[in-house]
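K.L.:
This is a predicted model, with the sequence first.
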Amino acid sequence: MPMSSNPGVAPAVLVIGTGMYVCGRHTDSFGTVLPVAVQSQAAGLVGDIFVAGTSVEGMELLQDKLAQLNTRLGTRAEIRGYPKDGGRDPFAYRKALSEIPSPACAIVVVPDHLHAAVAEDVIEAGLHLLVVKPLAPTLAEARRLEGLARVRNIYGAVEFHKRFDEANLILRQIIADGRLGDLRYVTAEYSQRRGIQKIFQSWIQKSNVFQYLGVHYVDLIYFVTGARPVRALATGQPPGLAAKNLGSLDSIQAMVEWRDPSGEKSFVSTIATNWIDPDRSSAMSDQKITVVGTSGRYQSDQKHRGVQLVTEEGGVEDVNPYFSQCYADTTGDVSVHGYGPCSIRRFLTDVRDLIDGRRELRELAITRPSFQEALVSTAVIEAVNQSLSGEGDWVTIDQASIRVATGQKSLEDHV
């Protein structure tokens, strides 16, 4: 049954996953999801916090992170963890779904190939949900999730946090104002240290670097331009592996042709990705974007944000103060800041607004990175993977397959 409406009641939140983005596993950080959940509970936005992993050991690590986080934030948050005992249980989240009180929502932070199955279980349980990118590896899976959520009156969103980065919002406004003229091409580079492959070694062969990183910029291009992807081609290195095992590719370069909302003009994007940067690189991620039009150029180096830290222990570090940071404000109160937390907090706020009757599903479907919106990025992922597995030829994207996302330009159109 769909989640019941209970105005004035803070919904419980179930986090499915205990990895790096949740609690900073394998790093010295606290991650992004856990700090936002704890802070949101302290602010009264959410109620009880449930977390489901796959092992008791993982839950113990998360509880240790929580204790440190409570000390840092001055909070007293407690977590109901699953599995509660025993060995590994990849379906511990189902037990959590059966025990979580209504109203509730979920944040799904599991490997790419598990998104569809886990998200479907969450929808069937009647919870609004946020899924980390990509929504799913294939368009068939993504469309099934979108349709199921729509039928069940469930709000589904994808955690595309680059939509909340001020540098990208400025780009969106510049394009909307016509200051760049007619767009001609977009280039984006996104890479991470090779150590990331060790962190994700248990599932990395079931994903690939474009699906994991490049999808961020696919969604961003769609978000800032409103354009539709028409076709895509890609190549990967080492040569030969693309046709055998996409997860073994060190780097992938993808070209996408886009058509603007009028359908009369087009531009091309090139997105280059890798996960083999040296571990001694000054930041986990190196990323930048350039947009060129007939009247101007926009460049954004999204690694070098002007803050650099040099220490004996860490060497040279380029710090991004705008993504996800935990620090005290001018009053001395410590909280989590950045566009990463903003993305998650926006979802939790939207869920609360849905429960309290301040927002409607049809509005969120076209104003947020909803499941409907995510069909576009999933279609590009699928086309890129098909091109990689073939001869590197152009793969046409069926416009009917993404019509739910691209055809809704007003609330009246979404019924």
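P.N.:
Perfect, thanks for sending it. Numbers count the residues shown, from 1 in each chain.
K.L.:
Low-confidence stretches in the stretch 1-150 of the chain?
P.N.:
1-5 (pLDDT under 70).
K.L.:
could you redo the last one with a cut-off of 50?
P.N.:
By pLDDT under 50, the weakly predicted segments of the stretch 1-150 of the chain are 1-3.
K.L.:
Would you map the helices across it?
P.N.:
With DSSP state H, counting those that start in this stretch, the ranges of helices along the stretch 1-150 of the chain come out as 20-23, 33-42, 56-73, 92-99, 115-124, 139-151.
K.L.:
And the third one, what's buried?
P.N.:
Within helix 56-73, the residues that qualify as buried by neighbour count (16 or more other Cβ atoms under 10 Å) are 56, 58-59, 61-62, 65-66, 69, 72-73. Where C-beta positions appear, they are placed from N, C-alpha and C, glycine not excepted.
K.L.:
Who does Val319 form a beta bridge with?
P.N.:
On the basis of DSSP bridges, Val319 is bridged to Val307.
K.L.:
wouldn't it be in contact with Leu309 here?
P.N.:
Yes: judged on Cβ atoms under 8 Å, Val319 makes contact with Leu309 at a distance of 5.4 Å.
K.L.:
Could you tell me the phi and psi values at Thr27?
P.N.:
phi -140, psi 180 (degrees, to the nearest 10).
K.L.:
Val319 and Leu309: which is more packed in?
P.N.:
Val319 (14 against 11; other Cβ atoms under 10 Å).
K.L.:
need the contact list for that one.
P.N.:
When contacts are counted by Cβ atoms under 8 Å, 6 or more residues apart in numbering, Val319 touches 283, 305, 307-309.
K.L.:
Same question for Asp89.
P.N.:
Contacts for Asp89 were tallied using Cβ under 8 Å, 6+ apart; they are 54-55, 82-83, 95.
K.L.:
hmm, which of the residues you listed are the buried ones?
P.N.:
Among those, those classed as buried by 16+ other Cβ under 10 Å are 54-55, 82-83.
K.L.:
tally of neighbours for Asp333?
P.N.:
9.
K.L.:
Arg88 - nearest residue in space that isn't next to it in sequence?
P.N.:
Of all residues not flanking Arg88 in the chain, Ser55 sits nearest, at 4.9 Å (Cβ to Cβ, 6 or more residues apart in numbering).
K.L.:
give the contact list for that neighbour.
P.N.:
Counting by Cβ under 8 Å, 6+ apart, Ser55 has contacts 83, 87-89.
K.L.:
swap in Val224?
P.N.:
Listed by Cβ under 8 Å, 6+ apart, the contact partners of Val224 are 168, 171-172, 175, 291.
K.L.:
Kindly recompute the last result at 10 Å.
P.N.:
Neighbouring residues of Val224 by Cβ atoms under 10 Å, 6 or more residues apart in numbering: 162-163, 168-176, 183, 186, 289, 291, 298.
K.L.:
export the helices of the stretch 1-150 of the chain to CSV and tack on distance to Leu354?
P.N.:
Below are those laid out as CSV (distance: least, Cβ to Cβ, whole Å):
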stretch, distance to Leu354
helix 20-23, 23
helix 33-42, 15
helix 56-73, 27
helix 92-99, 19
helix 115-124, 15
helix 139-151, 13
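K.L.:
Most distant residue from the centre of this structure?
P.N.:
Glu312 (33.4 Å; Cα atoms, centre = their mean).
K.L.:
re earlier: what's the closest of the contacts of Val224 to Pro103?
P.N.:
Arg163 (25.6 Å; Cβ to Cβ).
K.L.:
Help me confirm that the closest one is found in a strand?
P.N.:
No: secondary structure of Arg163 (DSSP: H, G, I helix; E, B strand; the rest coil): helix, not part of a strand.
K.L.:
What score does Gln408 have for pLDDT?
P.N.:
Looking at Gln408, its pLDDT reads 42.
K.L.:
now Ala176
P.N.:
At Ala176, the pLDDT recorded in the model is 97.
K.L.:
do Ala243 as well
P.N.:
pLDDT, Ala243: 86.
K.L.:
what's the answer for Asp413, then?
P.N.:
32.
K.L.:
if we can go back for a sec, could you tell me which of the contacts of Val224 count as buried?
P.N.:
Buried residues within the contacts of Val224, counting neighbours by 16+ other Cβ under 10 Å: 162-163, 168, 171, 174-175, 183, 186, 289, 291, 298.
K.L.:
Look up how far Arg76 lies from the residue farthest from the centre of the chain.
P.N.:
According to Cβ to Cβ, to the nearest Å, Glu312 stands 35 Å off from Arg76.
K.L.:
And the contacts of Val319, which of them are buried?
P.N.:
Neighbour-count burial (16+ other Cβ under 10 Å) is assigned, among the contacts of Val319, to Ala283.
K.L.:
Now for the contacts of Val319: which two are most distant?
P.N.:
Arg305 and Leu309 (11.8 Å).
K.L.:
between these two, what contacts are shared?
P.N.:
318-319.
K.L.:
returning to that earlier point: closest one to Ala149 out of the buried ones among the contacts of Val224, please.
P.N.:
The closest of these to Ala149 turns out to be Arg163 (Cβ to Cβ; 19.4 Å).
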